[in-house]
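Peer 1: dropping a prediction and its sequence here:
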Amino acid sequence: DGRWFAVRVTPLGSHGLVLVLAEDLTDMHRTEAIRRDFVANVSHELKTPVGALWLLAETVENAADDPEAVRRFAGRMQYESVRLTNLVQDLMTLSRVQGDEPLPDLRSVSVDEVVAEALEGCRTKASAKEIELAAGGEDGLRVHGDQELLVSALRNLVDNAVAYSPENTRVVVSARRCGDDQVEVNVTDQGIGIPDGEVGRIFERFYRVDPARSRQTGGTGLGLAIVKHVTGKHGGDVTVWSKEGHGSTFTIRLPLLGTAAGGTAARKDAD
Ligand code: ADP
């Protein structure tokens, strides 16, 4: 049934009896295969912008007497460098949050500030597409966490909402208390949506519904994996509702600070 076993057979005495020990190695094989895939993916993703930079540098060298061409290729070199920097930055963030170690230095964080900073980081990209960014919901909510990581998670969601929406649409970020002990932050777009069959896979590292489109928008393919691990590390989770062709809502849930349940879940990570 696709499981892997190591079998050890030891003879017992001279009566033909044997002791058979079977060790289930399935999980080890799976972990090793995932690790190998990840390294192969990272290498491929790094090679793409480095290869492009190499070619562009060569082209610039040959176009030295055409200042206009040099300017154009230099611009593309800058674009590839930004892609490379984003990828390395995302890999570093992911390695910080996907291990077993708890996050150090968790503090009381204002959800309003996280939302404001995440929106601020996406304004230029949104206005280039005339997408309206709006914040709403309840004020004054707080969680126990790492502000920089929470901003990075929410920013990834807003960034995607903008990237996968057509021009002249609206992206709304809204926070609210959910039950007694949770905060919910919703990011809703009017974009292309996600096909039903793909929703289960988009949180995997480097998984893209449409790889060409993702690269075109400058995506690293790591954004949602970062969101999943950052929220998980804070004792929360991320879910998505989506309808292809209509839009998506990504929901981050985090333990609310100041309630028994919220405090306990957050402190577990802080220990
Ligand atoms: P990427 O860098 O490719 O955006 P992510 O991990 O952030 O990587 O997202 C994975 C994939 O999920 C994207 O390539 C895209 O296909 C899909 N996706 C994410 N957010 C949205 C959204 N708001 N609307 C439609 N598709 C989305």
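Peer 2: The structure has been received and is ready for your questions.

Peer 1: could you pick out the longest helix of the chain?
Peer 2: helix 26-62 (DSSP state H).

Peer 1: buried sites along it?
Peer 2: By neighbour count on 16 or more other CB atoms under 10 Å, the buried set for helix 26-62 is V42, E45, P49, A52, L53, L56, V60. (C-beta placed from N, C-alpha, C; glycine too.)

Peer 1: where do the strands of the stretch 1-150 of the chain begin and end?
Peer 2: For the stretch 1-150 of the chain, the strands defined by DSSP state E, counting those that start in this stretch cover 5-12, 17-24, 107-110, 132-137, 142-145.

Peer 1: of all those strands, which lies closest to V173?
Peer 2: Among the strands of the stretch 1-150 of the chain, the nearest to V173 by CB to CB is strand 132-137 (5.2 Å).

Peer 1: buried stuff in the closest one?
Peer 2: L133, G137.

Peer 1: note down every partner strand of it and its orientation.
Peer 2: Strand 132-137 sits in its sheet next to strand 170-178 (parallel), going by DSSP bridges.

Peer 1: after the partner strand, which helix or strand is next? Please name it.
Peer 2: The helix or strand immediately downstream of strand 170-178 is strand 182-188, counting by DSSP states H and E.

Peer 1: name the residues that touch that following strand?
Peer 2: Strand 182-188 is contacted from outside by 111, 114-115, 137, 141, 143, 154, 157-158, 161, 171-178, 236, 247-256, 262, using CB atoms under 8 Å, 6 or more residues apart in numbering.

Peer 1: near the ligand, which of these show up?
Peer 2: A161, S248 (CB under 6 Å from any ligand atom).

Peer 1: buried ones among the contacts of strand 182-188?
Peer 2: The buried subset of the contacts of strand 182-188 - by 16+ other CB under 10 Å - is 111, 114-115, 137, 141, 143, 154, 157-158, 161, 171-175, 177, 236, 247-256, 262.
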